[in-house]
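Asks: structure, please.
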Amino acid sequence: MMYAVRFFAMQIENIRHIGIVVQDLQTSLAFYQDLLGFRIQRRMKEKGAFIDKILGFGDVEVTTLKMKIPGNQVMIELLHYHHPRQSGENIPRKVNAVGIGHIALTVANIFDVYQQLSAVGVEFISPPQLAPDQSVRVAFCQAPEGTYIELVEQING
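Replies: Predicted structure coming up:
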């Protein structure tokens, strides 16, 4: 689908949250909370006419966990569907798959984070790498259900 170039008067104020559908809520919660430091802001079990209407399904029942890093505005939302069940198989994703490719998080010391996450079994594509312009160090890992996480350390200079 091609979109005609138009300028709209609307103004995006903020990214509210990034939704991540998960099959194993406890494992994903442990990753985002215990390893990455996200904190639960709100836990809800949603069902009824409103959620059915906005999602276009009938008889929806979903547990949602809105989480954020303390002192930060942007939230992630873990969604575990009890009904209808998640569609498709948990097929391993590649970082260049169509759709949302990753979530980027700024960290203070990427080598410390890399070592801590590696020590508990989190797999990385590669160790931290220095960008060609030497402005950042970057490493990609995956959450338990395949979401790529880009860790970025800004280099002062």
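
Asks: for this protein, what's the longest helix?
Replies: Using DSSP state H to define each element, the chain has its longest helix at helix 110-119.

Asks: for the residue nearest to the spatial centre of the chain, what are its contacts?
Replies: When CA atoms, centre = their mean is applied to the chain, the residue found nearest the centroid is residue 103 (5.1 Å). Going by CB atoms under 8 Å, 6 or more residues apart in numbering, residue 103 touches 18, 76, 147, 148, 149, 150. Placement of C-beta: from N, CA and C, glycine included.

Asks: check which residues of stretch 45-64 are buried.
Replies: Applying a neighbour-count criterion of 16 or more other CB atoms under 10 Å, one finds 51, 60, 61, 62, 63, 64 buried in stretch 45-64.

Asks: my error: substitute stretch 125-133 in the last question.
Replies: By 16+ other CB under 10 Å, the buried positions in stretch 125-133 come out as residue 128.

Asks: okay, the closest residue to residue 92 other than its chain neighbours: pLDDT?
Replies: Nearest residue to residue 92, sequence neighbours excluded (CB to CB, 6 or more residues apart in numbering): residue 146, at 6.3 Å. Residue 146 is assigned a pLDDT of 87 by the prediction.

Asks: and for residue 14?
Replies: Note for residue 14: predicted pLDDT of 77.

Asks: okay, now it: neighbour count?
Replies: A count of nearby residues for residue 14, using other CB atoms under 10 Å, gives 7.

Asks: which SS class is it?
Replies: Taken by DSSP: H, G, I helix; E, B strand; the rest coil, the conformation at residue 14 corresponds to coil.
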